[in-house]
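make a model of this:
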Amino acid sequence: MTKINPSEIFKVIKGRTSGYDEDTHCTMVLKTIGDGGTISTFCSEAVIGDTTFWDWNRKYDIFNECYRVAYMYGKEKWRLDGELNKDNEEFNFEYWKLIGLERYGLGRNPKIRMGIEAAANPYEQYKQLVKLANEGEFTSAEIKQMMEAINVGIKAHDSYKLQEQINEMQLNIAKMGNNNGGNIIPIESASKVN
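Residues are numbered from 1 along each chain as shown. Modelled structure (predicted):
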């Protein structure tokens with residue numbers, strides 16, 4: 001088990017002038033994940049949290065591509081490890097399968113990682129979800145459920161925006177009445193005068 005030095009980690013985090021460094025972190029993710037390490041291993045070495053990792057993955061295309069390439073190398077290394085040890089009675093296949101399940105989503109995967117910006121409007125979230133689906137992040141059932149949820153969000157968003165417009169129109173009508181001393185002639189009365 002890895003021991004941590006809280007004082008040293010705090011100093012690194014507090015003294016950090018900037019977060020992401022393309023040369024350093026892209027090379028680090030290729031080595032760590034490509035050698036079969038985990039995102040936790042990378043985050044520990046980079047002294048960042050997993051939220052920062054996924055932010056970088058979403059914001060920086062080169063980092064995202066390096067992570068994806070490293071992920072494929074790590075997965076291939078895992079597969080070859082099983083293949084090379086298929087006749088080895090001392091090889092722990094249960095542990096090997098567990099690694100495949102947890103790291104590479106083989107079999108049942110109980111966690112879903114969403115790379116969708118919470119502050120984005122539902123239309124932008126929908127685009128982000130389609131991008132993630134194209135990258136193979138979800139099963140077809142998961143993508144269907146998330147798209148249905150975002151569709152509900154889009155309807156709620158549109159209703160909220162419509163209500164804002166109605167409220168603004170009511171406020172403008174009230175202002176017009178105040179500016180004209182309350183002398184707003186209803187449309188029906190004005191048409192009778194003409």
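
average pLDDT for the longest helix seen in the chain?
In the chain, taking DSSP state H as the definition, the longest helix is helix 140-179. Mean pLDDT, computed over helix 140-179, is 84.

and it, what other elements does it pack with?
When contacts are defined as 3 or more CB pairs under 8 Å, 6 or more residues apart in numbering; DSSP states H and E, helix 140-179 sits against helix 122-134. In this view, the C-beta of every residue, glycine as well, is placed from N, C-alpha and C.

for the helix it packs on, buried residues please.
Across helix 122-134, burial judged by 16 or more other CB atoms under 10 Å covers 122, 125-126, 128-129, 132-133.

using TSV, please lay out those together with pLDDT.
What follows is the buried residues of helix 122-134, written out as TSV (pLDDT from 0 to 100):
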residue	pLDDT
122	77
125	79
126	77
128	80
129	77
132	74
133	73
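
before we move on, back to that, so which bits of the longest helix of the chain are buried?
By neighbour count on 16+ other CB under 10 Å, the buried set for helix 140-179 is 143, 146, 150.

for this protein, what are the low-confidence residue spans?
For the chain, applying pLDDT under 70 flags the ranges 1-2, 17-18, 107-115, 135-138, 181-194.

could you redo the last one with a cut-off of 50?
Within the chain, the stretches with pLDDT under 50 are 109-110.

need the buried residues of helix 122-134 in CSV with distance to residue 78, can you?
CSV is the format used below for the buried residues of helix 122-134 (distance: CB to CB, whole Å):
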residue, distance to residue 78
122, 37
125, 32
126, 34
128, 29
129, 28
132, 23
133, 24
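
ok, those vs residue 172, which is closest?
Proximity of the buried residues of helix 122-134 to residue 172 (CB to CB) peaks at residue 122, which lies at 27.0 Å.

pretty sure the closest one contacts residue 149?
No - between residue 122 and residue 149 there is no contact under CB atoms under 8 Å: 9.6 Å.
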